[in-house]
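In: Below are the sequence and a predicted model for it; my questions follow.
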Amino acid sequence: MSPSLHALMEAGRLPPLAYYFADFVARGCGQAPDGVFALSAALVSARNLEGDVCIDLAAHAGRVLFADDSAADGGDNADGPVAPALSDWLAALRDCPWVGAPGEQAPLILDCGGPSAADGGSADAPAGSSCRLYLGKYWHFEAAVAAALLGRMQPAADLDPERLADGLARLFPAAVSAGAPAEPDWQRIAAAIAVTRRFAVISGGPGTGKTTTVVKVLALLLEQAPDLRIALAAPTGKAAARLTESIGGGKRRIAADGGTAESVLSRIPEQARTIHRLLGFGRRGAGEDLFQHDADDPLSVDCLVVDEASMIDLPLMARLLAALPASARLVLLGDRDQLASVEAGNVLGDITGRGQPVRYGPAQRALLARVGAAPAALPAAAASSDDDGAPAASTPTPAAAVALLRRSWRFGADSGIGALARAVNAGDGATALALLDDDAHADVTRLVPPADDLHPACIDWAVARFAPVLDAEGPEAALAVLERARVLAALHRGPYGVEALNARIAERLFAEYRAARGAAPSAGDRDGLHHGMPVMITANDYEVGLYNGDVGVLWAEAAGLREPQAPSADPVLRGSGIPAPDAAAASGTGRLRAHFRAADGSLRTLSVRQLPPHVCAYALTVHKSQGSEFDEVLLVLPPEPHPLATRELLYTGVTRARKQVTVHTGADALRQASTTRVQRASALAERLGWPVKPSNTGTVYLFD
Ligand SMILES: Nc1ncnc2c1ncn2[C@@H]1O[C@H](COP(=O)(O)OP(=O)(O)OP(=O)(O)O)[C@@H](O)[C@H]1O
């Protein structure tokens with residue numbers, strides 16, 4: 001007999017949230033607690049927590065669910081519940097009043113309207129093979145995002161093509177921005193797409209010039225419409241700060257080149273905000289983020305630019321689009337090959353076709369040629385032979401809104417990081433391994449882990465980079481030191497996870513500080529916090545104004561020392577490697593305060609008692625590192641292949657490094673990660689009109 005949902009939860013194979021949701025809805029509509037409906041609800045909820053927007057029933061029908069990943073048989077554990085055959089499953093779901101049809105309000109929604117990723121959309125697939133089951137509100141999020149984007153897919157009206165062609169020629173002079181003679185100027189093409197369309201995505205790897213291009217896009221738009229109201233946003237405070245900095249840099253470069261009038265440049269804003277701040281301080285209602293701006297109170301903007309779009313999850317994208325007036329332009333910047341958002345969805349990946357080649361039809365190519373942005377014949381990557389004979393596209397395909405930047409200006413031909421990122425992105429584990437192991441590239445190295453433990457050099461690496469934080473002159477300088485290097489890991493738990501890494505790094509730093517000075521660094525009065533420690537916020541706090549992913553540093557006001565104490569008996573504090581502060585001793589030292597860099601670059605200071613939920617951040621998960629870059633990165637993967645160590649994770653981790661990356665990995669683990677792709681179930685790509693295909697190779701980048 002297969003275990004009950006309750007037993008699965010107790011065994012850690014079903015998240016409690018998924019169990020309680022399934023139990024609640026099954027009871028609510030009078031279904032058996034372990035019946036098909038409860039099982040379906042538990043599966044949808046559990047998959048949603050893992051990032052899927054829906055489940056494709058055909059992909060699960062007849063299979064063991066909630067298999068034990070840690071089982072010796074590799075997870076194919078026969079004692080899990082088995083999903084019904086597809087036809088039985090559909091009949092049971094259709095029989096249940098709490099399973100709604102598309103558009104209805106219900107806890108679960110069954111949508112059999114689209115093609116299925118599981119069967120590749122073949123015409124002779126069995127009936128029902130295209131059925132997806134959603135948590136009700138996620139169906140509505142997905143439908144709303146698709147509708148809002150499809151509503152913006154037509155080319156922009158009211159453009160002066162001659163003025164645009166002139167502006168493109170000024171801002172993208174061929175000698176500067178085209179690379180090798182045969183290579184099209186992708187930045188110019190991207191700019192032309194973004195200006196001529198109401199919705200555009202500019203996707204590219206690190207240093208491919210996304211921000212450089214978008215500043216020129218804004219200049220071109222302002223040359224067309226001087227009163228355009230522009231807003232800049234990013235998903236995290238860190239990403240917003242970087243966007244602010246890059247936009248400022250881009251404006252200065254244009255000013256130096258004289259590409260446009262000073263009066264135009266002065267109207268390009270530099271200040272980027274977090275999406276949460278842009279939408280207005282919200283509150284949490286019924287477990288959801290609610291914002292001031294929505295469809296009833298839309299944003300006062302004509303053009304919104306959002307950076308790091310790969311980090312935007314489906315619910316946030318739905319809320320952002322709801323608050324954006326239908327007439328406003330939207331330009332998304334990001335890297336479609338990076339990891340998807342932490343929460344459910346792979347919005348940028350879906351919008352850009354899940355790694356499929358981007359092919360422009362005749363209408364798009366004619367438009368680009370008209371504004372002088374397309375060479376007479378775009379190469380195969382941009383123009384497909386199979387659309388040559390197609391009728392002029394009256395229905396725009398989503399590819400028309402997507403521009404891929406393929407040349408990195410940051411990583412030259414001799415850059416190991418660039419070559420490594422390219423190899424990983426192409427799924428070429430053998431080349432990636434060779435790059436890490438040969439001596440030709442000093443900027444990429446590998447630490448070969450011992451069989452069953454972390455290589456001790458990992459902790460040495462971190463201590464060498466973080467010890468200077470404790471000697472910094474103040475919190476500003478400490479943040480600057482912290483921003484230079486980071487340990488990134490694939491996992492949370494176990495010897496290779498961020499929890500253990502943080503504990504070991506903190507313990508060593510603490511011990512070395514005490515050995516050198518005869519006193520421990522100042523500690524806070526809770527949670528093992530101490531002077532010089534980086535912290536990352538893990539939940540949005542609208543009142544305090546700190547958001548998930550923000551990183552700050554704890555700093556004792558009068559960089560205080562106190563007497564060493566015995567290690568804590570408290571398991572939480574013991575886990576952090578920090579002795580428990582005794583209140584009297586702590587009060588005699590400098591008071592610990594937390595400092596964060598605001599989006600405008602200034603420092604925000606608050607007491608540790610005001611800190612929203614947070615974790616120690618010497619080591620971060622790769623997911624949490626999105627939107628940040630560091631000079632040096634140590635990327636810790638488990639020595640053996642692991643399902644969470646994927647190509648997207650490896651690529652994202654490697655490309656967080658600007659100057660040096662060290663990868664802690666076994667050879668098989670690296671090869672396997674390079675070929676394992678993240679597949680999140682969703683129908684957004686198909687809703688937007690992309691053909692149903694599993695994602696294939698990542699974007700290929702050209703280097704100097
Ligand atoms: N066409 C170009 N010619 C010369 N240098 C360029 C060009 N485009 C971008 N660069 C330079 O490359 C660097 C990266 O550009 P930019 O910041 O715009 O890239 P990005 O894709 O936004 O980077 P990030 O990975 O930080 O998001 C900048 O120093 C910029 O000046």
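Out: That came through, no problem. Numbers count the residues shown, from 1 in each chain.
In: Write out the residues of this protein neighbouring the ligand.
Out: Residues of the chain lying near the ligand by Cβ under 6 Å from any ligand atom: 176-177, 187, 204, 206-212, 246, 253, 409-410. C-beta here means a position set from N, CA and C on the backbone, and glycine is covered the same way.
In: Select only the buried ones of the residues you listed in ChimeraX?
Out: In ChimeraX syntax, the buried subset of the residues of the chain next to the ligand is picked out as below (16 or more other Cβ atoms under 10 Å):
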select :177,187,204,206,207,208,209,210,211,212,246,409,410
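In: Among the residues of the chain next to the ligand, which pair sits farthest apart?
Out: 176 and 206 (20.3 Å; Cβ to Cβ).
In: Which strands or helices does the helix or strand where residue 25 lies pack on?
Out: Under the criterion of DSSP states H and E, residue 25 resides in helix 16-28. Using 3 or more Cβ pairs under 8 Å, 6 or more residues apart in numbering; DSSP states H and E, the elements in contact with helix 16-28 are helix 5-10, helix 36-49.
In: Which of those helices has the lowest mean pLDDT?
Out: Of all the helices and strands packed on helix 16-28, the minimum mean pLDDT falls on helix 5-10 (a mean of 92).
In: before we move on, the earlier item: and the helices and strands packed on helix 16-28: which comes nearest residue 227?
Out: Closest of the helices and strands packed on helix 16-28 to residue 227 is helix 36-49, at 42.7 Å (criterion: Cβ to Cβ).
In: After that closest one, which helix or strand is next? Please name it.
Out: According to DSSP H and E, the helix or strand after helix 36-49 is strand 54-56.
In: Pull out the buried residues from stretch 454-464.
Out: Applying 16+ other Cβ under 10 Å to stretch 454-464 flags 454, 455, 458, 459, 461, 462, 463 as buried.
In: Residues in contact with it: which ones?
Out: 447-449, 485, 487, 495-496, 500-501, 504-505, 508-509, 512, 618-619, 634, 636, 662, 664 (Cβ atoms under 8 Å, 6 or more residues apart in numbering).
In: how about TSV for the buried residues of stretch 454-464, with secondary structure and pLDDT added?
Out: Listed next are the buried residues of stretch 454-464 as TSV, based on DSSP: H, G, I helix; E, B strand; the rest coil; pLDDT from 0 to 100:
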residue	secondary structure	pLDDT
454	coil	93
455	coil	95
458	helix	97
459	helix	97
461	helix	97
462	helix	97
463	helix	96
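In: The ligand versus the most centrally placed residue in the chain, what's the distance?
Out: Residue closest to the average C-alpha location in the chain (Cα atoms, centre = their mean): residue 311, at 2.9 Å. For residue 311, the distance to the ligand equals 12 Å [Cβ to the nearest ligand atom, to the nearest Å].
In: That residue touches residue 624, doesn't it?
Out: No: assessed by Cβ atoms under 8 Å, residue 311 is found out of contact with residue 624, at 10.0 Å.
In: one step back: okay, the helices and strands packed on helix 16-28, which one's buried deepest?
Out: Comparing the helices and strands packed on helix 16-28 by mean neighbour count (mean count of other Cβ atoms under 10 Å), helix 36-49 ranks first with a mean of 24.
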